[in-house]
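# My questions are about this predicted structure, shown below with the sequence.
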Amino acid sequence: MAKLALNVWKYVIGIVVLAILLMVYMFTDTLVYSFHIRLFPAAAVTWEPELSLKRYSYDVSDPSGARFYNIILEEEALKIKPCIDVNLSASLKHSSLSFIEYKDQPYNIGDEITILVTMKDGYGKRIMFGGDQLRGTIENKQLQASAPCVVTDNMNGTHSVTCEAFWSGTSSIIVVLAYPREIIATNYRIRTQVLATRNIYGLFKSRNYQEDMTCHPNHTHLIKNTNYTELCNLTYMNSGMPFYCGKPKDEHLLCQDWEQVRTHTPYPELQLSDCEDTLLKRGQPTLEQRLNVSIGNEDKAKLTIEKPSIPCSQYNITKLWQSRKATGFFYNGKWNFRNCLGKIDKY
């Protein structure tokens, strides 16, 4: 029995020693890690910009990059000087369209048709920078057919417009100037100068007392652009999305007395130059030039591209976030899905 008890004690002591050694190791490792963080903060400092560069990549095939969505970033747009001369912005009267590859034979259904848009300003001078946002469509009015095209800003004053041939016949490629770079820059700039282009007000009401307070999703921006010193955090009442209102000044009203939100005049006065005001009122003009393209079909019985075989209920819709191509097209006035088999009865 004495020998057995001695062995048990040895076993217990061994367990205790092992636990102590493990604790010392963990403490030492934590201490070394903490020491490393204090001595080498540059690792954390350089890591963040690397993430930013990757996030704002200009790779057209990268869904996390700005060029995938054919947009310019806020920090780039804010570097653009305010518009002072309308004729220095993109002019659809002087800009031109051209085929990248000349074909003496008709395109076939399923082919990609790529054209080049060369931008010029109101003086007829070639634009050498990017930032204008264009929209491209291919359409045949007789067939009541149309489809969006993929537009890529080449950042040198030219834009590539790629359309897919979904149906046969002669169609036209049309390009619209959705937003000139000056207006994109204006939209970004205005949002740094005013709280919002249309203010939202929260109504706080209790018994015979009521008060309107300005609201905004960004609490820092709200305090910066108002004289509020206290805010009501209404995020929990907005399905978890950030939302803040100024705290009512009336002592009879509390944050929980918030009843509804609304918007009303007067709207904030926007600081626009005459040039910017002119461009905003111009709307979204269409390039005067159009390119006609002839699309044939080896199988005369088929008038449109072959329909997909996979039902839409089984299609992985997350794939759509990885592609810039059109998800469908109109033909005979009806929408046709490109990636899956289905139909829309009403739209």
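Yep, that arrived.
# mind listing what's buried in the helix or strand containing residue 293?
Element membership for residue 293 (DSSP states H and E) is strand 291-296. Within strand 291-296, the residues that count as buried by 16 or more other Cβ atoms under 10 Å are 291, 293, 295. For glycine as for every other residue, the C-beta is placed from the backbone atoms N, C-alpha and C.
# now stretch 169-178
169, 171, 173, 174, 175, 176, 177, 178.
# now do stretch 207-223
211, 212, 213, 214, 215, 216, 219, 221, 222, 223.
# Keeping just the C-alphas, turn the one helix or strand the third one maps to into PDB.
It stands for residue 213. For residue 213, the element it lies in under DSSP H and E is strand 209-216. Once non-C-alpha atoms are left out, strand 209-216 reads as follows in PDB (Å, rounded to 0.1, in the frame of the first residue of the first chain):
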ATOM      1  CA  TYR A 209     -45.000  68.200 -26.600                       C
ATOM      2  CA  GLN A 210     -43.300  67.500 -29.900                       C
ATOM      3  CA  GLU A 211     -40.100  68.500 -31.600                       C
ATOM      4  CA  ASP A 212     -38.300  67.800 -34.900                       C
ATOM      5  CA  MET A 213     -34.600  66.900 -34.700                       C
ATOM      6  CA  THR A 214     -32.200  66.300 -37.600                       C
ATOM      7  CA  CYS A 215     -31.100  62.700 -38.100                       C
ATOM      8  CA  HIS A 216     -28.300  61.000 -40.000                       C
END
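# could you give the mean pLDDT of that strand?
For strand 209-216, the mean per-residue pLDDT is 95.
# partner strands of that strand, parallel or antiparallel?
strand 200-206 (antiparallel), strand 244-246 (antiparallel) (DSSP bridges).
# most tightly surrounded among those?
strand 244-246 (a mean of 24; mean count of other Cβ atoms under 10 Å).
# which element follows it toward the C-terminus?
Taking DSSP H and E, what comes next after strand 244-246 is strand 258-262.
# Would you map the helices across the chain?
Residue ranges of the helices in the chain, as given by DSSP state H, are 2-39, 42-55, 74-77, 181-193, 219-224, 274-282.
# Of the ones you listed, which shows the lowest average pLDDT?
helix 42-55 has the lowest average pLDDT among these, namely a mean of 29.
# From the buried residues of strand 291-296, pick the one nearest residue 197.
residue 291 (36.6 Å; Cβ to Cβ).
# ok, so what distance separates the closest one from residue 156?
For residue 291, the distance to residue 156 (Cβ to Cβ, to the nearest Å) stands at 21 Å.
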